[in-house]
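Student: Just need the structure, nothing else, for what follows:
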Amino acid sequence: MLLMHEREGVDEYGLPLGVLGAHPNEFYSAIGRVVCVCAVLEAKVTSLRHTLERSGQGSFTNQPVGQQIIRVRDLSRRLPEPGPDRIGAFCDGAAAAFDRRNELVHSSFPAQPDGRLWGHRPARDKGTTDGSAQTVETTIEELRDFTSELAQLVRDFNAIHSLASRGDTGDI
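Tutor: A predicted model of the protein is given here:
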């Protein structure tokens, strides 16, 4: 039995089904979690930079997270071991997570008749002018696993941050 909003051609949030198609709510729930947990992770990366730079909380918040990660890596090299290695590994995980997040949230996911979660976005290579696109395919299970990976990075932050807090970064 169809709910009233489904009979009228809109989803339960009033979005016409022709805009995105009829995806399961699990898809939107999973993508929303990816976005929200990545926002927390981004704040953690910025906080790590603040600690390493010995700067106030409002500093550098306008810089893209990729630039923040590069600076965190550079600053961590001045710390005693295992600081640089552990912070570098954290940065590797965060960078990969943000790449995957961007791949997911900047793609258009038209509903597929077979239920696949398939998306596309314009090619990211600035030299590409032929209209080609990058594609992404995922599943609800993969999105759940990715959310768990993101949550682990956020949970790992305190141990990473303590390495940055203890270290002497010298004259920065």
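
Student: from here on, contacts and neighbour counts on C-alpha atoms
Tutor: OK.

Student: Could I get the full set of helices for this protein?
Tutor: 4-7, 17-20, 25-53, 65-76, 83-105, 140-166 (DSSP state H).

Student: How about Thr151, nearest residue that isn't a chain neighbour?
Tutor: Quick fix: residue 151 reads Ala, not Thr. Excluding the flanking residues, the one nearest Ala151 by CA to CA, 6 or more residues apart in numbering is Val37, at 6.8 Å.

Student: what's the burial count for the one you found?
Tutor: Number of residues near Val37 (other CA atoms under 10 Å) recorded here: 17.

Student: ok now do it, which residues does it touch?
Tutor: Under the criterion of CA atoms under 8 Å, 6 or more residues apart in numbering, the neighbours of Val37 are Thr147, Leu150, Ala151.

Student: could I get those as a markdown table with neighbour count and pLDDT?
Tutor: Formatted as a markdown table, those follow (neighbours: other CA atoms under 10 Å; pLDDT from 0 to 100):
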| residue | neighbour count | pLDDT |
| --- | --- | --- |
| Thr147 | 23 | 98 |
| Leu150 | 23 | 98 |
| Ala151 | 17 | 98 |
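
Student: Closest one of these to Asn62?
Tutor: Using CA to CA, Leu150 comes nearest to Asn62 of the contacts of Val37, at 22.1 Å.

Student: The closest one touches Ala95, doesn't it?
Tutor: No - with contacts counted by CA atoms under 8 Å, Leu150 stays clear of Ala95, the gap being 11.1 Å.

Student: Residues that sit against both of the two, list them.
Tutor: Shared contacts of Leu150 and Ala95 (CA under 8 Å, 6+ apart): none.
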